[in-house]
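Asker: Structure for this input, please:
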Amino acid sequence: MRIALIPGSFDPFHNGHLEVVERATRLFDSVVVAALRNPQKSNALFSLEERRDMMAASMGHLPTVSIVSVSTLLVDVARDVNASAIVKGLRAVSDFESELQMAQMNRQLSGVETLFIPTSSSHSFIASRLLREVARYGGDVSAFVPEPVNIALHEKFDGTTP
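Answerer: You can find the predicted model right below:
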């Protein structure tokens, strides 16, 4: 069985992330999406549990996808889920440099290969940090996130449900 591991902080999960997951389900028998606590990113907006719940609600139409939340090395997660490959989405050439370095380190540590999937141009500008900023100031991000995430952002910032 070919298993893909798609890691990220997913704070919040957006349509670019969803596109990469959907495309990976066509290439692998099973896809594990791992919401990771990233120590390089300060103060997460959503807890790991909240992110996991939003992703589950957003990917219910994908029966071969499972979700885990972890605070450990990615290569340990890959080993635990028997991943055939790590899948990473790329928005732009600028993403490639840091992702390549991580891919090479992960391969040295575990032997697991990394597959890069470029997002479509309609999602290439979407970044979680931009979505948090727009939503924080009352902007409409509904075109960029699955509906469960849009609802969670509204509840987080203005206490309402759209």
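Asker: so where does residue 94 fall, helix or strand?
Answerer: Per DSSP states H and E, residue 94 falls inside helix 93-110.
Asker: Run through the neighbouring helices and strands of that helix.
Answerer: Contact partners of helix 93-110 among helices and strands, from 3 or more Cβ pairs under 8 Å, 6 or more residues apart in numbering; DSSP states H and E: helix 74-80, strand 85-90, strand 113-118. C-beta: built from backbone N, CA, C; applies to glycine.
Asker: Count residues in the vicinity of residue 52, would you?
Answerer: Neighbour count of residue 52, defined by other Cβ atoms under 10 Å: 19.
Asker: OK, contacts around the closest residue to it other than its chain neighbours?
Answerer: Excluding the flanking residues, the one nearest residue 52 by Cβ to Cβ, 6 or more residues apart in numbering is residue 69, at 4.7 Å. The contact partners of residue 69, by Cβ atoms under 8 Å, 6 or more residues apart in numbering, come to 34-36, 48-49, 51-52.
Asker: Run through this protein and note the low-pLDDT ranges.
Answerer: By pLDDT under 70, the weakly predicted segments of the chain are 39-42, 160-162.
Asker: mind listing the helices in it by residue range?
Answerer: 15-25, 48-58, 74-80, 93-110, 128-136, 147-158 (DSSP state H).
Asker: With distance to residue 6 as added columns, please give the ones you listed in TSV.
Answerer: Formatted as TSV, the helices of the chain follow (distance: least, Cβ to Cβ, whole Å):
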stretch	distance to residue 6
helix 15-25	6
helix 48-58	10
helix 74-80	11
helix 93-110	13
helix 128-136	14
helix 147-158	16
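Asker: right, so of these, which gets closest to residue 116?
Answerer: helix 93-110 (6.7 Å; Cβ to Cβ).
Asker: C-alpha coordinates for that closest one, CSV please?
Answerer: The C-alpha trace of helix 93-110 is given here as CSV (Å, rounded to 0.1, in the frame of the first residue of the first chain):
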residue,chain,number,x,y,z
VAL,A,93,9.6,29.0,-6.7
SER,A,94,10.5,30.7,-3.4
ASP,A,95,8.9,27.8,-1.5
PHE,A,96,11.2,25.3,-3.2
GLU,A,97,14.5,26.3,-1.7
SER,A,98,13.5,25.7,1.9
GLU,A,99,11.3,22.7,1.1
LEU,A,100,14.2,21.1,-0.9
GLN,A,101,16.5,21.5,2.1
MET,A,102,13.9,19.9,4.4
ALA,A,103,13.3,17.1,1.9
GLN,A,104,17.0,16.3,1.8
MET,A,105,17.3,16.3,5.6
ASN,A,106,14.2,14.0,5.9
ARG,A,107,15.6,11.6,3.3
GLN,A,108,19.0,11.4,5.1
LEU,A,109,17.2,10.8,8.5
SER,A,110,14.7,8.3,7.3
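Asker: Alright, that wraps it up for me.
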